[in-house]
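Participant: Need a 3D model of the sequence below.
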Amino acid sequence: MAGGDSLGRTDALLVRRHGRNVIELYGEGIDSSSTLKSWSMAKSMLHAAVGLLVDAGRLDPGRPAPEPEWSRPRDPRAAITLWDLLTMRPGLRWNEDYVVGEGSDVIEMLFARDWEPVADTGGFAAGKPLASAPGTVTNYSSGTSNIVSRIVAGVVGPGAEYESWLRNELFGPIGMDSATPRFDEVG
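Facilitator: Down below sits the predicted model:
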């Protein structure tokens, strides 16, 4: 698709309105059957999933996030709410830099051991110390989204249960039939 190297590359664009496609465009070598990595676009789907659970009364964004790493007495991370995580303001130390050798937490999380991801990406991110008070500083963090996803898995079930829930409650109702969620080793 158009844009040039300085603007990056878009492989596909789909816009739906009132249940039907109004724009559908694909880059070279890509069509409606192509499988693409979603990367950060999955954050939007994750937030939609959280919205469904909030609407069903199964999650409360104002309550502290139920993270086992933060359950020790007097752990200041216990004040982090689901809302803080959703707005990327949990206060956790996190470096989203994608430069090898620069202390990148995201590279360590995704490619830590012989270029294999860590087994529990949500636990990896939840194990980070605070860098600021929860709710005060915005810091874009894929680790934060993995914490949120781990919370969703705790409500709907991990792995296959999570995938089934996504298909039944989110993907199916919006006509999304080609999504293939990927999970870490803990689901």
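Participant: ok, and for the worst-scoring helix or strand of the chain on mean pLDDT, which residues are buried?
Facilitator: Lowest by mean pLDDT, DSSP states H and E among the helices and strands of the chain is helix 105-111, with a mean of 84. Within helix 105-111, the residues that count as buried by 16 or more other C-beta atoms under 10 Å are 105-107, 109-110. In this view, the C-beta of every residue, glycine as well, is placed from N, C-alpha and C.
Participant: now these as a markdown table including distance to Val155?
Facilitator: Shown next, in a markdown table, are those (distance: C-beta to C-beta, whole Å):
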| residue | distance to Val155 |
| --- | --- |
| Asp105 | 26 |
| Val106 | 25 |
| Ile107 | 29 |
| Met109 | 22 |
| Leu110 | 24 |
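Participant: State the pLDDT value of Ser104.
Facilitator: You'll see Ser104 listed with a pLDDT of 87.
Participant: Just the CA atoms of stretch 169-183, as PDB, please.
Facilitator: What follows is stretch 169-183, C-alpha atoms only, in PDB (Å, rounded to 0.1, in the frame of the first residue of the first chain):
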ATOM      1  CA  GLU A 169     -17.800 -13.600  22.800                       C
ATOM      2  CA  LEU A 170     -15.600 -11.300  20.600                       C
ATOM      3  CA  PHE A 171     -14.500 -12.600  17.300                       C
ATOM      4  CA  GLY A 172     -17.700 -14.400  16.300                       C
ATOM      5  CA  PRO A 173     -20.100 -11.600  17.000                       C
ATOM      6  CA  ILE A 174     -18.000  -9.200  14.900                       C
ATOM      7  CA  GLY A 175     -17.500 -11.600  12.000                       C
ATOM      8  CA  MET A 176     -13.800 -12.200  12.600                       C
ATOM      9  CA  ASP A 177     -13.200 -15.800  11.700                       C
ATOM     10  CA  SER A 178      -9.500 -15.800  10.800                       C
ATOM     11  CA  ALA A 179      -7.900 -14.600  14.000                       C
ATOM     12  CA  THR A 180      -5.500 -17.100  15.600                       C
ATOM     13  CA  PRO A 181      -4.600 -16.100  19.200                       C
ATOM     14  CA  ARG A 182      -1.200 -17.100  20.400                       C
ATOM     15  CA  PHE A 183      -0.500 -17.700  24.100                       C
END
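Participant: Pull the distance from that stretch to the chain's centre.
Facilitator: 15 Å (C-alpha atoms, centre = their mean, to the nearest Å).
Participant: which residues are contacting it?
Facilitator: 16, 19, 33, 35, 45, 48-49, 52, 153, 158-159, 162-163, 166 (C-beta atoms under 8 Å, 6 or more residues apart in numbering).
Participant: list the contacts for Ser145?
Facilitator: Here Ser145 is in contact with 42-43, 46 (C-beta under 8 Å, 6+ apart).
Participant: which of those has the most neighbours?
Facilitator: Leu46 (20 neighbours; other C-beta atoms under 10 Å).
Participant: contacting residues around that one?
Facilitator: Contacts for Leu46 (C-beta under 8 Å, 6+ apart) come out as 145, 148-149, 152.
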